[in-house]
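Chemist: What would the 3D arrangement of this be:
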Amino acid sequence: MRQVWALWGNVIVVSALAVPLVLLAVRLLARRRARAGHPHPTRTAAADVAMAAGTAPWIWMILTPRQAPSTVSLVPFRDLAELFNGPAVTVFVQVGGNILVFAALGALLPTRVVRLASLPGVAAVAAAASCTVELLQYGLRLGRVSSVDDVLVNTAGAVLAATVTRRWWTSRTAAETGVR
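Modeler: The predicted structure is shown next:
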């Protein structure tokens, strides 16, 4: 874990220091939406800001350049198999981190976009976002591995997070669309 702190301590510190700004952003956005007559200004503002604030640190980490060649891995599960042959702490950090990349997006997107309020909808958005990040890693020559396994695990993390919040957003979706 010392290595995680050495690599990403700056992201952790900035993210913690950003909490008051995130709360301020929620308040200001909610106030603006209330003035515009939005039916649920605080809830939607909190969801929108939390999706961005919960995803941004992970994207910062993923797009941080490294001193290594940029490579591509297009064979599904090959990188994961290699990873699981390594130290448990590395597996925990790598898989856990990839699961969390789009967790905020997966958990909150269905509360904001009714047409995406399904696990396949969340999976599609998360997969597209993850593919975009992997393409950026390669295209910007950041010295990272652009891997189909990262797309799979990032997407699985978003779907898992959506599953955790499903009871909340399915009841809201049914109420808004009149479907029970």
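
Chemist: Quick check, pLDDT for the residue nearest to the spatial centre of the chain.
Modeler: When Cα atoms, centre = their mean is applied to the chain, the residue found nearest the centroid is Phe102 (1.6 Å). With respect to pLDDT, Phe102 scores 98.

Chemist: residues contacting it?
Modeler: Residues touching Phe102, when contacts are defined by Cβ atoms under 8 Å, 6 or more residues apart in numbering, comprise Thr55, Trp58, Ala126, Ala129, Ser130, Asn154, Thr155, Gly157, Ala158, Ala161. In short, each C-beta sits where N, CA and C put it, glycine included.

Chemist: try it again with 6 Å
Modeler: Contacts here follow Cβ atoms under 6 Å, 6 or more residues apart in numbering; on that basis Phe102 touches Ala126, Asn154, Gly157, Ala158.

Chemist: tell me which element the second one is part of?
Modeler: Assessed by DSSP states H and E, Asn154 sits inside helix 148-177.

Chemist: From the contacts of Phe102, pick the one nearest Ser70.
Modeler: Here the nearest of the contacts of Phe102 to Ser70, counting by Cβ to Cβ, is Asn154; it sits at 18.2 Å.

Chemist: wait, doesn't the closest one sit right on Ser130?
Modeler: Yes - between Asn154 and Ser130 there is a contact at 3.9 Å, judged by Cβ atoms under 6 Å.

Chemist: So, low pLDDT: which residues of this protein?
Modeler: In the prediction, the chain carries residues with pLDDT under 70 at positions 1, 172-180.

Chemist: all strands of it, in order?
Modeler: Residue ranges of the strands in the chain, as given by DSSP state E, are 71-73, 145-147.
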